[in-house]
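# Sequence and predicted structure below; questions after.
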Amino acid sequence: MAKLKEKILKSLKNTKQIETTLNTLSKSQENLLKNYSNPVFNQKDRDKLLKSYTNLQDVGKSLYRYNTLQEHNYLNDAKDEKGNIENKVLKGGISYNKYVWHSENGEHTCDVCASLDGQEFDYYDEVPERPHPNCSEFCVRV
């Protein structure tokens, strides 16, 4: 998601990129939903994931509406929609979720889990498999 914000803003300048950006938004939403259903996350983290999903959904709808207005030459309405998208994106509507490894750091924490403590990942799929369920946990940082 790190480049998603820039991609959205670029597609507002070049409407030929909007379809690609909508596909990227959709893939990001799928990833968030997949992670939402993962039992490794607590309810607070799942709420963050759901909020990010909803924000992406709102931006996607606005981007689609902007594109449709542009195509049908409703330029004043398209300009207003573009402003709405820019405000949403620039004021935190697109957040960057990071998946953070937290180790127990107690006497029973293994070396593998301890060495990963504090490491951040952009996607949950990048996170190494947990060697022991009691040594570590994950949280979502927005």
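Nice, I can see it. Being a predicted model, the structure only gives us computed values, none of them experimental.
# Quick check: phi and psi at the residue lying farthest from the centre of the chain.
Distance from the C-alpha centroid of the chain, by CA atoms, centre = their mean, peaks at Glu107 (35.1 Å). Backbone torsions of Glu107, given as degrees, to the nearest 10, read phi -70, psi -20.
# Which of the helices or strands spans the nearest residue to Phe121 once chain neighbours are set aside?
Nearest non-adjacent residue to Phe121, counting by CB to CB, 6 or more residues apart in numbering: Tyr99, 4.5 Å away. Heads up, the C-betas are built off the backbone N, CA and C, glycines and all. If you go by DSSP states H and E, Tyr99 is part of strand 98-103.
# which neighbours does that strand have in its sheet, and in what orientation?
strand 120-121 (antiparallel), strand 136-141 (antiparallel) (DSSP bridges).
# Mind jotting down where the helices sit in this structure?
4-13, 18-36, 43-71, 75-88, 111-116 (DSSP state H).
# So Ser28 is in contact with Leu4, correct?
Yes. When contacts are counted by CB atoms under 8 Å, Ser28 is listed as touching Leu4 (6.2 Å).
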